[in-house]
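[1] no sequence on this one, just coordinates:
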Ligand code: BMA
């Protein structure tokens, strides 16, 4: 690790990790025990995927997307000592304190969890795709993964993939999102918005669009909470292409300018992860790798990335952040 690849963050030596297999030349490799969360570890679930985890206490906490047996997705809190074996609450997250108009969404999915320092306390903002006359971005806050205080919906419908930055930038909260339609959106670009108070969002700016290579030609959306390095914000994202059998979701990476993250410094023209494992190519929606969270150990640059596989289960893959940065610069097209 060189000083110019410094990860700004916490040392997390206990994140899940497995060395790159000797016969693997890829920048990102899969956990040999995948999927870490199978299809139905709790009775109400038909699938658990596209879920978010963070370091919490001595271990880890998560907000999981649990598809219930009425086929509707709901958020469930979860805890883990090692980041691999998860105890998932059987009851969905109960949102408290929200305006009654938005307090009872019929569906809630694709959560992200963003640790945020507020004074001497760490709070965890949860953003997700919520139902309000169609999909848009819901926001809540928790300190303990037991009580979730609902704030406000960030945007008008339709929108998906609201991803917060883990600190204020130029004094403002910042959120990436992907404006969409009310269905299986055949388009999608990443925008950024800012807020003084986590309630009112504005100054919406374009970050990056679909296009370039086929794997990211249909839509792109932010994945895990961006990771701060001294060269920029590392944003892992999903890139989607369309085929005669439906969409295919892969993972790419981009580097955004630290003080002005609407500016893309580098962006991968080759994917980092593409659905090839059986649990990614077979399931409720085949051919989906959908990253929603990443744990990074700032001292070693180790990265454990959680992604939904085939809209069915949750999988884990690994990389060194420095390798991703090298790959990103060597295979970059910004357009
Ligand atoms: C997106 C979202 C994701 C899902 C993906 C693939 O539009 O609905 O939750 O994983 O499609 O089906």
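    Received, thanks. The shown structure was predicted, so the numbers you read here are calculated from the model rather than taken from an experiment.
[2] helix or strand for the residue positioned nearest the centre of the chain, which one?
    The centroid of the chain falls nearest to residue 292 when counting by Cα atoms, centre = their mean (2.2 Å). Assigned by DSSP states H and E, residue 292 falls within strand 289-297.
[3] Strands of the stretch 1-150 of the chain, residue ranges please.
    Using DSSP state E, counting those that start in this stretch, the strands found in the stretch 1-150 of the chain span residues 29-30, 45-56, 59-68, 73-80, 87-88, 95-96, 108-118, 121-131, 135-142, 148-150.
[4] Mind putting those into a markdown table with distance to residue 324 and mean neighbour count?
    For glycine as for every other residue, the C-beta is placed from the backbone atoms N, C-alpha and C. Below are the strands of the stretch 1-150 of the chain laid out as a markdown table (distance: least, Cβ to Cβ, whole Å; neighbours: other Cβ atoms under 10 Å):
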| stretch | distance to residue 324 | mean neighbour count |
| --- | --- | --- |
| strand 29-30 | 12 | 20 |
| strand 45-56 | 19 | 24 |
| strand 59-68 | 22 | 24 |
| strand 73-80 | 24 | 22 |
| strand 87-88 | 29 | 16 |
| strand 95-96 | 35 | 16 |
| strand 108-118 | 19 | 21 |
| strand 121-131 | 23 | 21 |
| strand 135-142 | 26 | 24 |
| strand 148-150 | 32 | 19 |
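[5] okay, these in a markdown table with distance to the ligand and mean pLDDT next?
    Listed next are the strands of the stretch 1-150 of the chain as a markdown table, based on distance: least, Cβ to the nearest ligand atom, whole Å; pLDDT from 0 to 100:
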| stretch | distance to the ligand | mean pLDDT |
| --- | --- | --- |
| strand 29-30 | 18 | 98 |
| strand 45-56 | 5 | 98 |
| strand 59-68 | 7 | 98 |
| strand 73-80 | 8 | 98 |
| strand 87-88 | 18 | 98 |
| strand 95-96 | 19 | 98 |
| strand 108-118 | 5 | 97 |
| strand 121-131 | 7 | 98 |
| strand 135-142 | 8 | 98 |
| strand 148-150 | 20 | 98 |
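[6] Name the residues of the stretch 201-335 of the chain found near the ligand, please.
    Contact residues (Cβ under 6 Å from any ligand atom) of the stretch 201-335 of the chain with the ligand: 249, 285, 288, 290, 308, 311.
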